[in-house]
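Asker: got a predicted structure here, sequence first:
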Amino acid sequence: MKKTKTGQKKHDNGVLKSVEYYKSIGYKVFADLPNYEKPKKISGFIPDVIARKGRKEVIIEVETKKTLVSDQDQQEAFKKYANKSSNRKFRKKIV
């Protein structure tokens, strides 16, 4: 689903906050934002953020009220991927 300009700004700010947080605690961060190394595709979808530290991996998807329901396939794919390893976590952040 296409986000509105306001929704996109909220979304991108939410992604940036996650990036800054995980960087501040020593994670290597990949983000689906300009000027960042892109996260890898997971089941055909690109998550907003992948943060890695040692063997730990956190997949973060930022949703607005509008995309919360429309992007459920994507959220489900990330959740399944995360559940395949005890070193992975999936986080959904609503902005």
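Answerer: Nice, I can see it.
Asker: give me the mean pLDDT for stretch 77-95.
Answerer: Averaged across stretch 77-95, pLDDT comes to 97.
Asker: would you mind measuring the gap between the ends of it?
Answerer: Taking C-alpha to C-alpha, to the nearest Å, stretch 77-95 runs 20 Å from one end to the other.
Asker: run through who's touching that stretch.
Answerer: 10-11, 13-14, 18, 42-45, 47, 55-65, 68, 75 (C-beta atoms under 8 Å, 6 or more residues apart in numbering). Quick note: C-beta positions are derived from backbone N, CA and C, even for glycine.
Asker: can you pull the buried residues of stretch 54-74?
Answerer: Buried residues in stretch 54-74, counted by 16 or more other C-beta atoms under 10 Å: Glu57, Val58, Ile59, Ile60, Glu61, Val62, Glu63, Thr64, Thr67, Asp71, Gln74.
Asker: thanks again, I'm all set now.
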